[in-house]
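A.B. asks: Give the three-dimensional model of this entry:
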Amino acid sequence: MSSILDADSLLAIDVGSVNTRASLFDVVDGRYRLVANGRASTTAEPPLSDISEGVRLALTSLQEITGRQLLSENEGLILPANREGEGVDVCVATTSAGPKVRTVLVGLMPGISVESAHRLAVSTYLDVVEEIGLMDRRREEEQVDLILAAKPDLILIVGGTDGGATTSVLQMAERVTLAVGLMPESERPTIVFAGNRHLGASIAEGFGDRARVALVPNLRPSLETEDLGPVRLRLAEVIAETRSGKVSGFEELAKWSRGSLQSSADAFGRVVRYLSKVYDRNKGVLGIDMGASQTTVAAAFDGDLRISVRMDLGMGHALPGLLHHSAMAKVMRWLPVEVTESEVRDYIFNKSLYPGTVPVEPTELHIEYALARQVIRSALSVARVDWPKARGGYAQGLMPPMEPILASGAPLARAPRPGYAALVLLDALQPVGVSTFVLDPYSLMPALGAASGPLPLATVQVL
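C.D. replies: You can find the predicted model right below:
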């Protein structure tokens, strides 16, 4: 067995909005290798609203492929592996499935803590529906009404450096406390405080038993320092707990992974950040993950990771959001055949209703990849705003040098030929210089990112 955690076998489960994947890794000839991959439709949507069914179907598929027993008689995961070779030693889990987490952002200074909170929100699965700040001109009662009308699942309170502002932060929290107290008990949101760490106890005491309060690290511990990484990891757990109130199965998945249920975007970003330290540090590493409900753009420059998760851009449920970012003409320019705008629009809305469908006719394939090009371009244009400005070529509107460029997600991974995916990426990204495209056909990036915690050697060797 491996000296790390005394583990040979690793099971990685990724629950996406359309597909649930189970990947089995084991030691072969002294090195970790992918053994097999099982896939099933995700069951987070009604009528089941329970991801467990999709997870078990994916595991059953994996069992049939490998002949290895993973589930016990009561359909629980056999963990750790027994002497008969059943089960696995370590399980990691990632997820991007579930309803949007409606979020109200309550911040202090627009250019400091609020700006950091916005970067945090776009790097994970938060849907910011309203925002309240210290400079807000609305009266207190209007702000309370705004929170009530938003019906949030989560309220994110930020502000104050460690040891900094106290009174103004507590005043903002009091308004939230008042609004939460007016809500029906069953509709009260989770409160996440990511501000001055010295105020954590006071914030929790102020809410009392009115709402569940999660205290996470300060995302802006000083004026010069922004640290989103620890906040994002803790927030992923809060998001999973919030979604579990609407969709069942997250608690069991967290138990199998020993409480380490990560967001797919965070795990994806870990791999991108690691590779940026392995490859040429004068270049960046870029990762594109196209899902049905979101598109993730992760870029890392010598370990400096920047993640953007666009929940209004995707190739399934979120596809109509593309029309808010781009004119139809920008989609039509990628079509090599004559297609009317109404046909493209019909395809967009049909795909949003039935995200699991795949193109059958050549014309549908052309429309699919025209949309994929524009979704990537739109997501990339938003993500690049947060990239370091000093990177070469950025000032002229060119892409910084990237090596390698990784692509994941069913629209690209399940292309009829790799050349289709390559052309989509070339048109959408327009890279500068010489770059290597790496396609992730089995969607292993989130799995390897999640495995980097308990089994870092597995991540390194499989990559």
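A.B. asks: pull the CA atoms of the worst-scoring helix or strand of the chain on mean pLDDT into PDB?
C.D. replies: The helix or strand of the chain with the lowest confidence, counting by mean pLDDT, DSSP states H and E, is helix 229-244 at a mean of 80. What follows is helix 229-244 as a C-alpha-only set of coordinates in PDB (Å, rounded to 0.1, in the frame of the first residue of the first chain):
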ATOM      1  CA  GLY A 229      -9.000  30.600  -0.700                       C
ATOM      2  CA  PRO A 230      -9.900  29.500   2.900                       C
ATOM      3  CA  VAL A 231     -13.200  31.400   2.600                       C
ATOM      4  CA  ARG A 232     -14.100  29.700  -0.600                       C
ATOM      5  CA  LEU A 233     -13.400  26.200   0.800                       C
ATOM      6  CA  ARG A 234     -15.500  26.900   3.900                       C
ATOM      7  CA  LEU A 235     -18.200  28.500   1.800                       C
ATOM      8  CA  ALA A 236     -18.400  25.400  -0.300                       C
ATOM      9  CA  GLU A 237     -19.500  23.400   2.800                       C
ATOM     10  CA  VAL A 238     -22.100  26.000   3.600                       C
ATOM     11  CA  ILE A 239     -23.500  26.000   0.100                       C
ATOM     12  CA  ALA A 240     -23.800  22.200   0.200                       C
ATOM     13  CA  GLU A 241     -25.600  22.400   3.600                       C
ATOM     14  CA  THR A 242     -27.900  25.100   2.200                       C
ATOM     15  CA  ARG A 243     -28.700  23.000  -0.900                       C
ATOM     16  CA  SER A 244     -29.300  19.900   1.200                       C
END
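A.B. asks: ok, then the element right after that helix?
C.D. replies: helix 250-256 (DSSP states H and E).
A.B. asks: Which positions in that following helix come out as buried?
C.D. replies: Neighbour counts using 16 or more other CB atoms under 10 Å place 250, 252, 253, 254, 256 of helix 250-256 among the buried residues. The way it works is simple: take the backbone N, C-alpha and C, and place the C-beta from them, glycine included.
A.B. asks: Please work out which residues outside it touch it.
C.D. replies: Defining contact as CB atoms under 8 Å, 6 or more residues apart in numbering, one finds that helix 250-256 is touched by 13, 15, 51-52, 55, 77, 79, 91, 93, 95, 98, 237, 240-241, 243-244, 260-261.
A.B. asks: Any idea how far it is from the middle of the chain?
C.D. replies: Mean-position distance between helix 250-256 and its chain equals 18 Å (CA atoms, centre = their mean, to the nearest Å).
A.B. asks: what's the answer for stretch 54-61, then?
C.D. replies: Relative to its chain's centre, stretch 54-61 lies at 22 Å (CA atoms, centre = their mean).
A.B. asks: Please apply the same query to stretch 25-34.
C.D. replies: Stretch 25-34 has its average C-alpha position 28 Å from the chain's average C-alpha position, going by CA atoms, centre = their mean.
A.B. asks: then it to CSV, C-alphas only?
C.D. replies: Listed next in CSV are the C-alpha coordinates belonging to stretch 25-34 (Å, rounded to 0.1, in the frame of the first residue of the first chain):
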residue,chain,number,x,y,z
PHE,A,25,-8.2,5.0,-9.1
ASP,A,26,-5.8,2.2,-7.9
VAL,A,27,-2.1,1.4,-7.7
VAL,A,28,-0.9,-0.3,-10.9
ASP,A,29,2.8,-1.2,-11.1
GLY,A,30,3.6,1.1,-8.2
ARG,A,31,1.8,4.1,-9.5
TYR,A,32,-1.8,5.5,-9.2
ARG,A,33,-3.8,5.1,-12.4
LEU,A,34,-7.4,5.6,-13.5
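A.B. asks: Name the surrounding residues that touch that stretch.
C.D. replies: Defining contact as CB under 8 Å, 6+ apart, one finds that stretch 25-34 is touched by 1-2, 8-12, 23-24, 35, 442, 444, 451, 455, 457-458, 461-462.
A.B. asks: rerun at 7 Å
C.D. replies: Residues outside stretch 25-34 that contact it (CB atoms under 7 Å, 6 or more residues apart in numbering): 2, 8, 9, 10, 23, 35, 444, 457, 458, 461, 462.
A.B. asks: Buried residues, that stretch. List them.
C.D. replies: Buried residues in stretch 25-34, counted by 16+ other CB under 10 Å: 25, 26, 27, 32, 34.
A.B. asks: now stretch 187-202
C.D. replies: Along stretch 187-202, the positions that meet the burial threshold by neighbour count (16+ other CB under 10 Å) are 188, 189, 190, 191, 192, 193, 194, 195, 196, 197, 199, 200.
A.B. asks: Tell me which of those fall in helices.
C.D. replies: Secondary-structure check on the buried residues of stretch 187-202 using DSSP state H: residues within helices are residue 200.
A.B. asks: quick check, nearest of the buried residues of stretch 187-202 to residue 340?
C.D. replies: Of all those, residue 189 has the smallest distance to residue 340: 44.5 Å, by CB to CB.
A.B. asks: Now that the closest one has come up, it's in contact with residue 150, right?
C.D. replies: No: under the contact definition of CB atoms under 7 Å, residue 189 does not touch residue 150, with a separation of 9.2 Å.
A.B. asks: Turn the contacts of stretch 25-34 into JSON lines, including secondary structure, distance to residue 142 and pLDDT.
C.D. replies: JSON lines is the format used below for the contacts of stretch 25-34 (DSSP: H, G, I helix; E, B strand; the rest coil; distance: CB to CB, whole Å; pLDDT from 0 to 100):
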{"residue": "2", "secondary structure": "coil", "distance to residue 142": "59", "pLDDT": "42"}
{"residue": "8", "secondary structure": "coil", "distance to residue 142": "60", "pLDDT": "84"}
{"residue": "9", "secondary structure": "coil", "distance to residue 142": "57", "pLDDT": "89"}
{"residue": "10", "secondary structure": "strand", "distance to residue 142": "52", "pLDDT": "90"}
{"residue": "23", "secondary structure": "strand", "distance to residue 142": "50", "pLDDT": "93"}
{"residue": "35", "secondary structure": "strand", "distance to residue 142": "58", "pLDDT": "91"}
{"residue": "444", "secondary structure": "coil", "distance to residue 142": "49", "pLDDT": "90"}
{"residue": "457", "secondary structure": "helix", "distance to residue 142": "55", "pLDDT": "86"}
{"residue": "458", "secondary structure": "helix", "distance to residue 142": "53", "pLDDT": "86"}
{"residue": "461", "secondary structure": "helix", "distance to residue 142": "57", "pLDDT": "86"}
{"residue": "462", "secondary structure": "helix", "distance to residue 142": "54", "pLDDT": "85"}
